[in-house]
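[1] Pasted the sequence and its predicted model underneath.
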Amino acid sequence: MKRWLYFLPAVLFYLSIFALSSRGIRFGFHLGHLDKIGHFLEFGSLGFLLAIGFFNAFSFSPSMKTALTFGTGLILAILDEWHQFFVPMRKSDVLDIVADAAGLAFGIFIFRSLAGWRKKALHK
């Protein structure tokens, strides 16, 4: 049971993403593709938080943990875009999923980099 607590930050963060994407948002100006930066940062944070869960809760190989983290995040990104299809004044965009996937990869990279530096520092 304790191992699932590692996922609590990621679950709470995704619920906030879901809640925000449930609102119809209309700007008085066109953002172009600038919203992709938001997707990248949002899912980069989610990737980092999911990595905390997978890397602390399971004893799989690091590559398996990375794959599970990325796969779970990608499923959540797809579900978020599918959900937005049904929200008035929102649109579903495949490029948002691409930005989400890039953010996930970056968040996982940051987590693994920090974990590697921490491990090296502890072994000195």
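    That came in fine, so what should we check first? Residues are numbered from 1 along each chain as shown.
[2] Distance of residue 90 relative to residue 62?
    37 Å (Cβ to Cβ, to the nearest Å). All C-beta spots, glycine's among them, are computed from the backbone N, C-alpha and C.
[3] can you check residue 34 too?
    34 Å.
[4] now the helices for this structure?
    Using DSSP state H, the helices of the chain run over residues 8-21, 35-57, 62-85, 94-122.
[5] circling back: residue 90 and residue 62: which is more packed in?
    Between residue 90 and residue 62, residue 90 has the larger neighbour count (other Cβ atoms under 10 Å), namely 17 against 12.
[6] Tell me if I'm right that that one and residue 21 touch.
    Yes: Residue 90 is within contact range of residue 21, at 6.9 Å (criterion: Cβ atoms under 8 Å).
[7] Report the set of residues contacting both of those two.
    Residues touching both residue 90 and residue 21 (Cβ atoms under 8 Å, 6 or more residues apart in numbering) are residue 84.
[8] Can you report how many residues lie near the closest residue to residue 33 other than its chain neighbours?
    Leaving aside its sequence neighbours, residue 33 sits nearest to residue 95 (Cβ to Cβ, 6 or more residues apart in numbering; 7.2 Å). Using other Cβ under 10 Å, residue 95 has 12 neighbouring residues.
[9] just checking, residue 106 touches residue 47?
    Yes: using Cβ under 8 Å, residue 106 is in contact with residue 47, at 6.9 Å.
[10] Who has more neighbours out of these two?
    Set residue 106 next to residue 47 and count neighbours by other Cβ under 10 Å: residue 47 wins out with 30 against 17.
[11] Per-residue pLDDT of that one, please?
    Model confidence at residue 47, given as pLDDT, is 98.
[12] For the chain, give me the ranges with low pLDDT.
    Within the chain, the stretches falling below the threshold (pLDDT under 70) are 24-32, 120-124.
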